[in-house]
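Chemist: Quick one: sequence and predicted model below, then my questions.
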Amino acid sequence: MASSNRRASHDAGSKLTTNPTTHRTGSIDNGNSRRLSTDTSGVCHVQATVIAHGPSVAFFGSCIINDVFYIHGGVKTRGDHAPSNRMYKFQNNTWIDITTEDSPTLSYHRCVVMNDGQYIVTIGGWDGSKRKSDVYVFDVINTTWHQTNAPGFPSDGGLNNHAVIPFKSNDTNILVIGRDGSLRTQRKHGDAYRLRGDPTKRSFR
């Protein structure tokens, strides 16, 4: 659930706890069965909680704001070419659907938090037919989406499976690494971009 290239749901909401002399590792299949292996080589305390009923998606954009986990878009299976526009937040051990009509349809995109958690900015992704370099802003307080004006970023290229890193010294700057080909071709590049803008003005460059 912590990574955008893994599914956000699991079966069976239950807890796995070890005793002081046993180290256990667990895995969950698609059904309700559980396989456990025991390693007595060390002393370890492990407690894991598996949350049921999460959205069944992979390759989504995600971020965390004040201990609330947000996920947007994604696909249901690896070979699925029809991404979703659904958006969820996980808060107080509960999944909540916060999808709106203006939510963009994307997968393999990246999210970054701006303006002290007021905005979630999505960059790039796959819309079902082509790679995109578009920038969208989600207003967390008003739960509204806006496509921004981002001329020249990069107008001839598409981004997916890339990385986005906010500059700590300047909240209006984002480092984007990993341009994955043009809009439709498979040629891959390792370009880096500096994206600057203000989500309140819906303008980036």
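Modeler: Received it, and whenever you're ready, just let me know what you need.

Chemist: Show me the domain layout of this structure.
Modeler: 1-54, 55-204 (automatic domain parsing).

Chemist: mean pLDDT for the ones you listed: which is lowest?
Modeler: If the domains of the chain are sorted by mean pLDDT, domain 1-54 sits at the bottom with a mean of 48.

Chemist: Next, count neighbours for Ile96.
Modeler: 11 (other C-beta atoms under 10 Å). Using the backbone N, CA and C atoms, a C-beta is placed for each residue, glycine as well.

Chemist: For it, which residues are in contact?
Modeler: Ile96 is in contact with Tyr88, Lys89, Phe90, counting by C-beta atoms under 8 Å, 6 or more residues apart in numbering.

Chemist: May I ask which helix or strand encompasses it?
Modeler: Per DSSP states H and E: Ile96 is located in strand 94-97.

Chemist: Just after that strand, pick out the following helix or strand.
Modeler: From strand 94-97, the next helix or strand downstream (DSSP H and E) is strand 110-114.

Chemist: Output the helix or strand following that next one as PDB - backbone C-alpha positions only.
Modeler: The helix or strand immediately downstream of strand 110-114 is strand 119-126, counting by DSSP H and E. The C-alpha trace of strand 119-126 is given here as PDB (Å, rounded to 0.1, in the frame of the first residue of the first chain):
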ATOM      1  CA  TYR A 119      -2.900  21.000  -2.900                       C
ATOM      2  CA  ILE A 120      -2.000  17.700  -4.600                       C
ATOM      3  CA  VAL A 121      -0.200  18.200  -7.900                       C
ATOM      4  CA  THR A 122      -0.200  15.300 -10.400                       C
ATOM      5  CA  ILE A 123       2.500  15.200 -13.100                       C
ATOM      6  CA  GLY A 124       2.500  13.100 -16.300                       C
ATOM      7  CA  GLY A 125       1.000   9.600 -16.600                       C
ATOM      8  CA  TRP A 126      -0.900   7.500 -19.100                       C
END
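
Chemist: Now do strand 119-126: which elements does it pack against?
Modeler: strand 61-65, strand 68-72, strand 110-114, strand 131-139, strand 173-177 (3 or more C-beta pairs under 8 Å, 6 or more residues apart in numbering; DSSP states H and E).

Chemist: Sheet partners, orientation included, of the first one?
Modeler: I take that to be strand 61-65. strand 68-72 (antiparallel) (DSSP bridges).

Chemist: Kindly report the same for the third one.
Modeler: Here the strand partners of strand 110-114, with direction, are listed using DSSP bridges: strand 119-126 (antiparallel).

Chemist: No further queries at this time; thank you.
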